[in-house]
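In: starting from these lines, generate the structure:
(one chain, ligands or ions: 2)
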Amino acid sequence: MTSNAPIVAFEKVSKTYPNGTVALNDATFDIRKGSIHAICGENGAGKSTLMKILFGLEPHSSGQVLLDGAAADTAAPDFAGRNGIGMVHQHFSLVAPLTVVENIILGHEPRSGLLIDRRRAREQVIELSRRYELNVAPDARIETLSVAAQQKVEILKALARETRLLILDEPTAVLSPPEIEELFVRLRALRDDGITILFISHKLHEVRALADTVTVLRAGSVVDTLPLAEVSDAEITRMVMGRNIDIVRREASPSGGAPLLELSNVATNTRDTADRLTNISLTIGANEIVGIAGVDGSGQRGLVSLLSGQLHPNAGAIRFAGKVMDKASTADWRRAGLAHLPADRFTQGGTPGLTLIDNAIAGTDGDPAMQWGPFLRRGAIRRHVNAMVREFAVRFRGISERLDSLSGGNAQKLIAARELAGSPRLLIADQPTRGIDVASAAFLHSRIDAVARSGAAVLLVTADLDELLRLADRVIVLFDGRIVANLPNAADLTPAALGPYMLGLEQAA
Ligand SMILES: Nc1ncnc2c1ncn2[C@@H]1O[C@H](COP(=O)(O)OP(=O)(O)OP(=O)(O)O)[C@@H](O)[C@H]1O
Ligand SMILES: [Mg+2]
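Out: Numbering: from 1, shown residues only. Ligands and ions are numbered 1, 2, ... in the order given. Next up, the predicted model:
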């Protein structure tokens, strides 16, 4: 077997989007058959665009893509399906009210006559999940599954048609460390079965743990393609960013801030277990950042929903700045000073089809700086939005472009900029740096720190334990909707020390 032959070769691939954005500029490199090939690069570097070209979703403007050494017509109908290329997109594409089976077979349902053969579809999915050891409940509806389970469904969907090349665009952004570990075991097994994997991530330790080769893209051009064994993390960061990035731990908040947010014995009794909470007592003081750790689905979503008015407690009490908030709506929380960075900025935070301006000012209705009576102060709005995107280094073409013309990470940064623009008294930062590159993540951390220092209470929910321990003053671990550990001095903790609590094996509450 010629395992060194390239399965894919990009030759001078360039892409200019209709609005004039040059996303790729003469990108040239090979992907070896049977390898796990990582693609790194800052937000907007062109990673997703290149993958969409290979998947036949976006046409390229010039250059060519070779598949098994022959020029490929990526614009041909069902190009990816016919060539065994599967892709898990940066933003999930599952249909929430449908079941696992329905999602996986969507578009290529087995039929008997004119009817979809449901029994055969179900059997196919069970056989697929057995073959790849990706266990999912075939009849569960997507909206009832944890993100990790949804991720498995996405991967099964991508593998459903004799896939030999699997593209994963930031598949780990929503997973917690044990889930990532499990995903990697599966991906290595796929590689050993001969499947070539293309893997995009902003996390270097993941790239190193999984991939054998890395290509770095910068502003649409290939910087280099190297075996990981021959390049250090610092070198990769320098290639990605063009400079070194220092990552430091946040200095602890001055202790003794007055309690701002108080939950006493709060319980929710929801149908969906991911929102169910039992006997939660928790205080966050002014200036304090409390970090929430836990495997996905341990109650984080319920907690965030409670503190943003999307869910109300069945028992216990919530107070903010002395006021009872048990029945508060989202608008009430906003008025009390809530800023909320939602975990899923596309479905909750932003509206992909609206312009950057509309997205950047959403929720500021009635702000006298933006509005004079019924009239929008357009000049002031443009200045405000321009300052915001500059400060957060959002890469964009023009503020009248649509949000979905931004790269994934740049869209995240825009919503983050909007939420941090005011002077919040309570900040919920839910996976704040998901999908955001190293330099922008460092900047966002400094802004969250500044919000805390200005006297706000901050609730940080993140699957990234390094981020958690760098930012938080105190760590609370959730398991099965309960607090199983309340650990002061986050500075003295390690990710490994949190593991047993996160898995529900130990308690320290
Ligand atoms: N549909 C689109 N229309 C116009 N411009 C686009 C579109 N999609 C992406 N772009 C632009 O192309 C460039 C590359 O975007 P791409 O999504 O490929 O970046 P990326 O490397 O995947 O970034 P991230 O890490 O943020 O996901 C960016 O400048 C982006 O704004
Ligand atoms: Mg992307």
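
In: residue of the stretch 301-450 of the chain closest to ligand 1, please.
Out: The nearest approach of the stretch 301-450 of the chain to ligand 1 comes at Gly409, 2.7 Å away (CB to the nearest ligand atom). The way it works is simple: take the backbone N, C-alpha and C, and place the C-beta from them, glycine included.

In: wait, that residue touches Ala441, no?
Out: No. Under the criterion of CB atoms under 8 Å, Gly409 is not in contact with Ala441, lying 9.5 Å apart.

In: looking at the two, which one has more neighbours?
Out: Each of Gly409 and Ala441 has its neighbours counted (other CB atoms under 10 Å); Gly409 has more, 27 against 24.

In: the more buried one: what secondary structure?
Out: helix (DSSP: H, G, I helix; E, B strand; the rest coil).

In: look up how far Pro178 lies from it.
Out: Distance, Gly409 to Pro178, by CB to CB, to the nearest Å: 25 Å.

In: hang on, the earlier thing: contact partners for the closest residue to the residue of the stretch 301-450 of the chain closest to ligand 1 other than its chain neighbours?
Out: Closest residue in space to Gly409, ignoring its immediate chain neighbours: Asn43 at 3.0 Å, by CB to CB, 6 or more residues apart in numbering. By CB atoms under 8 Å, 6 or more residues apart in numbering, the residues touching Asn43 are Arg395, Ser407, Gly408, Gly409, Asn410, Gln412, Lys413, Gly435, Ile436, Asp437, Ser440.

In: SS state for the last one?
Out: If I follow you right, that is Ser440. helix.

In: that one contacts Lys413, correct?
Out: Yes. Counting by CB under 8 Å, Lys413 is a contact partner of Ser440 at 5.8 Å.

In: higher neighbour count, the two?
Out: Lys413 (31 against 24).

In: element containing that one, please.
Out: Secondary structure from DSSP states H and E places Lys413 in helix 408-420.

In: show me where the stretch 101-250 of the chain has helices.
Out: For the stretch 101-250 of the chain, applying DSSP state H, counting those that start in this stretch gives helices covering 118-131, 147-159, 177-192, 204-210, 233-241.

In: output those helices in TSV, with mean neighbour count appended to each entry.
Out: Putting the helices of the stretch 101-250 of the chain into TSV (neighbours: other CB atoms under 10 Å) gives the following:
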stretch	mean neighbour count
helix 118-131	16
helix 147-159	22
helix 177-192	16
helix 204-210	17
helix 233-241	17
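
In: so which of the ones you listed is nearest ligand 2?
Out: For ligand 2, the closest of the helices of the stretch 101-250 of the chain is helix 233-241, at 13.6 Å, according to CB to the ion.

In: ok, the following helix or strand past that closest one: who's next to it in the sheet?
Out: Using DSSP H and E, the helix or strand that directly follows helix 233-241 along the chain is strand 259-268. Its sheet considered, strand 259-268 pairs with strand 277-285 (antiparallel), strand 315-320 (antiparallel) by DSSP bridges.

In: tell me the most buried of those?
Out: strand 277-285 (a mean of 20; mean count of other CB atoms under 10 Å).

In: next structured bit after it?
Out: The helix or strand immediately downstream of strand 277-285 is strand 289-293, counting by DSSP H and E.

In: just the C-alphas of that following strand, formatted as CSV.
Out: What follows is strand 289-293, C-alpha atoms only, in CSV (Å, rounded to 0.1, in the frame of the first residue of the first chain):
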residue,chain,number,x,y,z
ILE,A,289,-15.4,35.1,39.2
VAL,A,290,-16.9,31.8,40.1
GLY,A,291,-16.1,29.0,37.7
ILE,A,292,-18.5,26.1,37.0
ALA,A,293,-16.9,22.8,36.1
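
In: immediately after that strand, which helix or strand?
Out: Counting by DSSP H and E, what follows strand 289-293 is helix 300-306.

In: show residues contacting that following helix.
Out: 263, 266, 268, 270, 274-277, 280, 292, 294, 311-313, 318, 340, 342-343, 428, 430, 459, 461, 478, 481.

In: picking that back up, overlap in contacts, Gly409 and Ala441.
Out: In contact with both Gly409 and Ala441: His202, using CB under 8 Å, 6+ apart.

In: and the residue of the stretch 151-300 of the chain found nearest ligand 2, how close does it get to Gly408?
Out: Closest contact between the stretch 151-300 of the chain and ligand 2, by CB to the ion, is at Asp169 (5.9 Å). Separation of Asp169 from Gly408 (CB to CB): 8 Å.

In: which stretches of the protein aren't confidently modelled?
Out: Scanning the chain for pLDDT under 70 picks out 1-4, 108-116, 245, 255-256, 345-347, 363-377, 509.

In: wait, what's in contact with Ala234?
Out: Asn244.

In: if I look at it, how far off is Leu204?
Out: Ala234 sits 9 Å away from Leu204, going by CB to CB.

In: please, where are all the helices along the stretch 401-509 of the chain?
Out: 408-420, 438-453, 465-471, 495-502.

In: just these: most buried one?
Out: Comparing the helices of the stretch 401-509 of the chain by mean neighbour count (mean count of other CB under 10 Å), helix 408-420 ranks first with a mean of 25.

In: for Thr74, which non-adjacent residue is spatially closest?
Out: Per CB to CB, 6+ apart, closest to Thr74 is Gly56, 4.5 Å.

In: separation between that neighbour and ligand 2?
Out: Shown here: Gly56 relative to ligand 2, a distance of 17 Å by CB to the ion, to the nearest Å.

In: tell me if that residue really is in a helix.
Out: No. Gly56 is assigned coil when assessed by three-state DSSP, not a helix.

In: one step back: now the helices of the stretch 101-250 of the chain as CSV including distance to ligand 1?
Out: As requested, those are arranged in CSV below (distance: least, CB to the nearest ligand atom, whole Å):
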stretch, distance to ligand 1
helix 118-131, 28
helix 147-159, 16
helix 177-192, 18
helix 204-210, 13
helix 233-241, 10
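
In: what's the closest of these to Ser14?
Out: helix 233-241 (20.4 Å; CB to CB).

In: can you check what angle separates the closest one from helix 438-453?
Out: 90 degrees (axes from the mean of the first three to the mean of the last three CA atoms, to 10 degrees).

In: from the middle of its chain, how far away would helix 233-241 be?
Out: 22 Å (CA atoms, centre = their mean, to the nearest Å).

In: and what of stretch 56-75?
Out: Offset of stretch 56-75 from its chain centre (CA atoms, centre = their mean): 28 Å.

In: let me see the contact set for Val394.
Out: With CB under 8 Å, 6+ apart, Val394 has these contacts: Met388, Leu406, Asn410, Lys413, Leu414, Ala417.

In: again with Phe443
Out: Phe392, Ala393.

In: residues from this protein in reach of ligand 1?
Out: 17, 19, 21, 23, 41, 43-49, 90, 395, 405-410 (CB under 6 Å from any ligand atom).
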